[in-house]
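Trainee: Need coordinates for the following:
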Amino acid sequence: MTRTILALGGGGFTTPPGDPALDELVLELTGRREPRVLFLPTASGDAGEQVHRFLDAFVHRACKAKVLSLFRLRDQRLPLRDLILAQDAIYVGGGSMRNLIALWREHGVDELLREAWGRGTVLAGLSAGAMCWFEQGVTRSAGAAAGAPGLGLLPGSFSVHRDSEPERRPAYLEAVGAGALPDGWIADDGAGLVFSGGEVARVVSARPGAGVARVERIAGTVVERELPAERLGTPGTRVVQDAAVRELRAVRELRARGTGVRG
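Mentor: The predicted structure is shown next:
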């Protein structure tokens, strides 16, 4: 099985007007015609706004989209293991990285995600939902930007929002330069990395000027090296065309919004 992770610096469907090419990429990486996609908004406390933006972005695409709320497990009919391991892609939103990791471990979601990844499920995420896959990330969960441990599926460290939250960058460079964080990458909103196994397979960008840099400590000096990025095109080829399917999904969406949780 190909073990694939898409780590995005931020943006995506969570930031208007969104980056629809990144939504397309999540689906394309599965290799499925109509993949099953599960959204985990855990880092935001399962905020309704983030859930609704995900559904707005994916409900009319050629996929089967669901949301897992760990704050509302009483509404979850399937056991977590059955739900998570049935997905073709799992997309994780932004928020507090520390809280995300703590809650996942409390419910055993961290090990289920590791198992799903080993079986070929695409793992994707933005901001905290991207840093969580690495050994370390740079979080502002406690205020000032600081390093925090992730799940360690990917080697090294990752920092996000290079363009939109510029205070993160000097904190990250200083930590890598001091050896407090391992070498890694820093990404703008709308850009990210596709990993195959533990190696970078693609550097992608959905916005003009958005990119990713490699950050390394070399001979005691931190070096930030911009990586050539593949500019993603305008999406649209995977939009569901069947009117009956669209109508069915619209009904499901209305029901889901009535409970605040989908799936």
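Trainee: which stretch of helix or strand covers the residue nearest to residue 228 when sequence neighbours are not counted?
Mentor: Nearest in space to residue 228, with sequence neighbours left out and distances taken as C-beta to C-beta, 6 or more residues apart in numbering, is residue 203 at 6.6 Å. The C-beta positions use only the backbone N, C-alpha and C, and glycine is treated the same way. Using DSSP states H and E, residue 203 sits within strand 199-205.
Trainee: so what's the residue nearest the centre of the chain bridging to?
Mentor: Nearest residue to the geometric centre of the chain (C-alpha atoms, centre = their mean): residue 125, 0.2 Å. Beta-bridge pairing for residue 125 (DSSP bridges): residue 7, residue 92.
Trainee: coming back round to it: could you tell me the model confidence score at the residue nearest to residue 228?
Mentor: At residue 203, the predicted lDDT confidence score is 98.
Trainee: Give the burial count for it, as a bare number.
Mentor: 20 (other C-beta atoms under 10 Å).
Trainee: from memory it sits against residue 225, does it?
Mentor: No - in this structure, residue 203 is not within contact of residue 225 by C-beta atoms under 8 Å, at 11.7 Å.
Trainee: Test my guess that the residue nearest to the centre of the chain contacts residue 132.
Mentor: Yes - counting by C-beta under 8 Å, residue 132 is a contact partner of residue 125 at 6.5 Å.
Trainee: For those two, list the residues in contact with both.
Mentor: residue 92 (C-beta atoms under 8 Å, 6 or more residues apart in numbering).
Trainee: show me what contacts residue 44?
Mentor: 50, 93, 94, 95, 96.
Trainee: same thing but at 6 Å, please
Mentor: 50, 93, 95 (C-beta atoms under 6 Å, 6 or more residues apart in numbering).
Trainee: Of those residues, just say which sits nearest to residue 187.
Mentor: residue 93 (15.8 Å; C-beta to C-beta).
Trainee: a strand runs through residue 193, doesn't it?
Mentor: Yes - under DSSP: H, G, I helix; E, B strand; the rest coil, residue 193 falls within a strand.
Trainee: residue contacts, it?
Mentor: By C-beta under 6 Å, 6+ apart, the neighbours of residue 193 are 7, 200, 203, 212.
Trainee: Let me have those residues in a markdown table, adding distance to residue 66 as columns.
Mentor: Listed next are those as a markdown table, based on distance: C-beta to C-beta, whole Å:
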| residue | distance to residue 66 |
| --- | --- |
| 7 | 22 |
| 200 | 29 |
| 203 | 29 |
| 212 | 29 |
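Trainee: now, the most widely separated pair of these?
Mentor: 7 and 203 (10.7 Å).
Trainee: all strands of the stretch 101-250 of the chain, in order?
Mentor: 122-126, 134-139, 146-149, 154-159, 184-187, 191-196, 199-205, 212-218, 221-226, 230-231 (DSSP state E, counting those that start in this stretch).
Trainee: If I average pLDDT within each of these, which one is lowest?
Mentor: strand 146-149 (a mean of 85).
Trainee: Quick check: the gap between residue 89 and residue 200.
Mentor: Here the criterion is C-beta to C-beta, to the nearest Å. By it, residue 89 lies 19 Å from residue 200.
Trainee: Looking at these two, which has the bigger crowd around it?
Mentor: Comparing residue 89 with residue 200 by neighbour count (other C-beta under 10 Å), the higher total belongs to residue 89, at 24 against 15.
Trainee: So residue 67 is in contact with residue 53, correct?
Mentor: No - using C-beta atoms under 6 Å, residue 67 is not in contact with residue 53, being 11.1 Å away.
Trainee: Just the pLDDT for residue 160.
Mentor: For residue 160, pLDDT reads 96.
Trainee: For the chain, list the residue farthest from the centre, please.
Mentor: residue 219 (32.8 Å).
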